[in-house]
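Okay, structure incoming, though there's no sequence with it:
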């Protein structure tokens, strides 16, 4: 009787053991999936997660959760603590790809393997524009950047002052880590500026009787006068000829800069009376600083100007963006009348 009962129970025991083993295995698989499987929420192919300088692990975990990066903060926390990430938090901008596991995310954050930021500088007119561009795209503090651009003693070592400092900001694409501070941002941009000014370019500037900063200032006026690269050497020649003759530059873009009104479509007599060292109708010579960050094409146009005796130019009335050039004031007045007649016909104020 005893043996029969034992035999009857053994199949059930075996079944229970198998079920428990399956449950245990399934639990392990589930746990492994939760820990090692995808833990990103639904977003595009990638998303950027920012860890500000001075962040603690609790800040990172909160940010991952609130910014919709991870689905399960508890499993992430388990993996993060297992890999000792809480004591290795590094500031930066990190690329999180769709389908990443907790392990993938922790490894990137712990290693500090950032995704660089491409800072694209095109035409900027004011220091404030540059400061805004930097502080919008990088962690660099806007107040710190403003202080650098306003520190004449600091800028002197680069051959710059508070007026010419924007000569160092050349249009280009610069690569930075997101958490780069203001000082290092300026250093990298100024180094690119110094590299641009080769001995050959400096010699060309000297042959014109200009410093690199003066070339950049004049190029900024040329840049604002036309978008036509093939016309820039001729416009540069006009201003260089005026400088040689001791004439005032009389450049309309400098009046717009002085007024800080870049939407002006027409310059009137009242505008020309505005008192500012940037108003080249009132003050002789170059303005104290650039009126924009000129393109390399504009700088090269000043360094290699067209060989002309032009002293004047006026926009063509056909709206092509090109200009009519003149060597005499009489001829220039005829060109200017044609242009102003077209403006009047179009009702441009």
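Thanks, I have the structure now. Treat the numbers as computed from the prediction; the structure is a model and nothing was measured. Numbers count the residues shown, from 1 in each chain.

Could you pull up the residues touching residue 80?
Under the criterion of Cβ atoms under 8 Å, 6 or more residues apart in numbering, the neighbours of residue 80 are 57, 61, 86, 102, 106. (Glycine included, C-beta is placed from N, CA and C.)

Can you tell me how far it is from residue 178?
21 Å (Cβ to Cβ, to the nearest Å).

hmm, back to that, list just the nearest of the contacts of residue 80 to residue 217.
residue 57 (50.2 Å; Cβ to Cβ).

Let me know the pLDDT of that closest one.
Looking at residue 57, its pLDDT reads 97.

quick check: domain ranges of this protein?
Domain ranges of the chain: 46-111, 117-196, 199-310, per automatic domain parsing.

got JSON lines for the ones you listed, with distance to residue 328 too?
Below are the domains of the chain laid out as JSON lines (distance: least, Cβ to Cβ, whole Å):
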{"stretch": "domain 46-111", "distance to residue 328": "58"}
{"stretch": "domain 117-196", "distance to residue 328": "33"}
{"stretch": "domain 199-310", "distance to residue 328": "10"}
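
For residue 327, find the nearest of those domains.
domain 199-310 (4.8 Å).

starting at the chain centroid, how far to that closest one?
Relative to its parent chain, domain 199-310 has a centroid offset of 25 Å by Cα atoms, centre = their mean, to the nearest Å.

for stretch 58-74, same thing?
On Cα atoms, centre = their mean, the centre of stretch 58-74 falls 29 Å from the chain's centre.

buried set for that stretch?
The neighbour-count check on stretch 58-74 (16 or more other Cβ atoms under 10 Å) flags 60-61, 63-64, 69-70, 73 as buried.

Pick out whichever of those residues sits closest to residue 254.
Nearest to residue 254 among these, with distances taken as Cβ to Cβ, is residue 63, at 46.9 Å.

Tell me the pLDDT of residue 342.
75.

residue contacts, it?
Residue 342 touches 317, 319, counting by Cβ under 8 Å, 6+ apart.

and what of residue 241?
By Cβ under 8 Å, 6+ apart, the neighbours of residue 241 are 308-311.

Quick one: buried ones out of those residues?
Neighbour counting by 16+ other Cβ under 10 Å classes 308, 310-311 among the contacts of residue 241 as buried.

In JSON lines: these, plus secondary structure, distance to residue 199 and pLDDT.
As requested, the buried ones among the contacts of residue 241 are exported to JSON lines (DSSP: H, G, I helix; E, B strand; the rest coil; distance: Cβ to Cβ, whole Å; pLDDT from 0 to 100):
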{"residue": "308", "secondary structure": "coil", "distance to residue 199": "27", "pLDDT": "97"}
{"residue": "310", "secondary structure": "coil", "distance to residue 199": "30", "pLDDT": "98"}
{"residue": "311", "secondary structure": "coil", "distance to residue 199": "32", "pLDDT": "97"}
